[in-house]
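Visitor: predicted model and sequence follow; I will ask about them next.
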Amino acid sequence: MTIHPVHFQNVPPLAPASRPPTAVPTPGLQHREEFEQVLERELQPSQVRLSAHAQQRLAQRDLTLVEGQLARLAGAVDRAAEKGARDSLVMMDGMALVVNIPNRTVVTAMAARDLAGAVFTRIDSAVIA
């Protein structure tokens, strides 16, 4: 059996695709963006967030956290994190705050005057700030 080459003459070239070219991912770009986000977060002053539940409890119980108290609370969270705590009861200025340490989030709050008979569960540490 003999195979003969086929020559195409007068065949127009294929038209380019009408789709825009897709971006080729740059190797390591995703890791760079993640690194920049982590770096930015670490360079910012330590912040503590309030969950929606904690905000409701603070309002219901007529409690407020001012900037100086938030800074002290952040310091308490830092100290708890250094000890490996995950959920801490933070006592500060007549308030009891339950804080999730890894997320740096206040979960709930109550006034010290209402603590008689209170039982706190799912905490592994307590910090007096």
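Guide: Good, I have the coordinates.
Visitor: low-confidence ranges in this structure?
Guide: 1-32, 37-46 (pLDDT under 70).
Visitor: tell me where it has helices.
Guide: According to DSSP state H, the chain carries its helices in the segments 29-43, 52-60, 67-82.
Visitor: export these to TSV and append columns for mean neighbour count and distance to I101.
Guide: Bear in mind the C-beta positions are built from the backbone N, C-alpha and C, glycine included. Below are those laid out as TSV (neighbours: other Cβ atoms under 10 Å; distance: least, Cβ to Cβ, whole Å):
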stretch	mean neighbour count	distance to I101
helix 29-43	9	16
helix 52-60	14	14
helix 67-82	16	5
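Visitor: which one of these lies nearest to P102?
Guide: With Cβ to Cβ, the closest approach to P102 among those belongs to helix 67-82: 7.6 Å.
Visitor: how far away is A109 from F35?
Guide: 35 Å (Cβ to Cβ, to the nearest Å).
Visitor: can you check G94 too?
Guide: Shown here: G94 relative to F35, a distance of 42 Å by Cβ to Cβ.
Visitor: cool, R104 as well?
Guide: Distance of R104 to F35, computed by Cβ to Cβ: 20 Å.
Visitor: try L89
Guide: Applying Cβ to Cβ, one obtains 34 Å for the distance of L89 from F35.
Visitor: A126 now?
Guide: For A126, the distance to F35 equals 35 Å [Cβ to Cβ].
Visitor: and for V66?
Guide: When V66 is compared with F35 (using Cβ to Cβ), they lie 34 Å apart.
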